[in-house]
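[1] Next one to model:
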Amino acid sequence: MTLVLSPLAALGRNTLAALAMLGRITLFALSTFSHILRPPFYPREVFNALMQVGWLSLPVVGLTAIFTGGALALQIYSGGARFNAEAVVPQIVAIGMVRELGPVLVGLMIAARVTSSIAAEIATMKVTEQIDALVTLSTHPMKYLVAPRVLAALITVPLLVGVGDIIGILGGYTVGVQNLGFNAATYIQNTVDFLEPRDIISSLVKGAVFGVIAAVMGCYYGMNSGRGAQGVGRATKGSVQAAAILILAANFLLTGVFFSV
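    The predicted structure follows:
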C-alpha cells in the first residue's frame, strides 16, 4: 500500500505546489498592472526598458526570423514536391510565419534574452540590498523596477513580432526567388492575397501576451530570488524556464481562440 500511495502523495504535493506558484504569479501580475495604471510614473525607467527590451533585441529577432523564413521555404518546397504542390511555398511561408513561428520564436528569444536579464538584474539588486534602499527612500520597488519593464514589453514585443514576421517572409522570398525559381512579383502577390487581417491581429496579440509573460516572469523570479550567487543563478534559470513554458502554453490557448473551427 505504501508503494502505491507514496507516488500519489508526491504527485499531489507537486500539483499543489504548482497551483500555489501559479496563484502567486497571477497576483504578482495583477499587482503589476495596478501599479502601471496608477501614479507616480517613471518615464526615464520606461524609456530605458523600451531600449533594452525593444531596440536592443532587434538584431537577434531579425537574424532568427530571416533564417527561419528561408529554412521554412526550403522545407515546404521539398515536401510539396512529393505532391506536385511546390507553388504553395509563398502562402505557407506567410501563414506559418505570421500565425505561429513569428510570435513564438520572438517570444522565446525575448525569454532567453530579456527575461534572464531582468531576473538577474533584479535578483542582484535584492542580494546587494538595493531594493531595501529603494524602500528606505519611499520608492515602491514594484512601481520603479517592475511596472516599467512590463509596460515596455507590452509595447515593444508586438512591434518586434511584426518586424519578425516581415523579415521571416522576406527570408522565404529571398530563398524562393534566388534558389527555387519563383517569380518575384508572383511570390509577393500570393503572399499578400493569402494573409487575412485575422492572421495579423492574432500575431500582434500573441506578441503582447508573450511580452507580458516574459517580463512578469523575469520580475517575479528576480523579486523572489534567494540570497547569494546561487540564488541569482536559480532565479535566472527558473525565470527563463517558466517564461518559455508559459509562452508555449499561451500560444496553444490563443491559437484555439483565434482559429478554432
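[2] Now do whichever strand or helix holds residue 252: distance to the chain's middle.
    Assessed by DSSP states H and E, residue 252 sits inside helix 228-259. How far helix 228-259 lies from its chain's middle: 8 Å, per CA atoms, centre = their mean, to the nearest Å.
[3] and it, what's its mean pLDDT?
    Average pLDDT, helix 228-259: 91.
[4] List the buried residues for it?
    231-232, 234-236, 238-240, 242-244, 246-247, 250-251, 254-255 (16 or more other CB atoms under 10 Å). Where C-beta positions appear, they are placed from N, C-alpha and C, glycine not excepted.
[5] go on, stretch 31-41?
    For stretch 31-41, by 16+ other CB under 10 Å, it's 32, 35, 36.
[6] can you list those residues in JSON lines and add pLDDT and distance to residue 119?
    Output for these, formatted as JSON lines (pLDDT from 0 to 100; distance: CB to CB, whole Å):
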{"residue": "32", "pLDDT": "90", "distance to residue 119": "15"}
{"residue": "35", "pLDDT": "89", "distance to residue 119": "19"}
{"residue": "36", "pLDDT": "90", "distance to residue 119": "19"}
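[7] So which of the residues you listed are in helices?
    Applying DSSP state H to the buried residues of stretch 31-41, the entries found in helices are 32, 35, 36.
[8] Would you check that my belief about the first one contacting residue 217 is correct?
    To tie it back to what came earlier, the one meant is residue 32. No - contact between residue 32 and residue 217 fails when scored by CB atoms under 8 Å: they sit 11.4 Å apart.
[9] Rank the helices and strands of the protein by mean pLDDT and give me the bottom one.
    Least confident element among the helices and strands of the chain, by mean pLDDT, DSSP states H and E: helix 2-37 (a mean of 83).
[10] which regions of the protein lie under the pLDDT threshold?
    1-5, 261 (pLDDT under 70).
[11] which residues touch the most centrally placed residue in it?
    Nearest to the mean C-alpha position of the chain, by CA atoms, centre = their mean, lies residue 107 at 2.2 Å. By CB atoms under 8 Å, 6 or more residues apart in numbering, the contact set of residue 107 is 157, 161, 206, 207, 210, 211, 213, 214, 247, 251.
[12] same deal with residue 86?
    77, 80, 180.
[13] Can you give me the separation between the first one and residue 88?
    Relative to residue 88, residue 77 is positioned 9 Å away (CB to CB, to the nearest Å).
[14] the more surrounded of those two?
    residue 77 (23 against 16; other CB atoms under 10 Å).
[15] Distance check, residue 90 against residue 172.
    Distance, residue 90 to residue 172, using CB to CB: 7 Å.
[16] Understood, closing this out.
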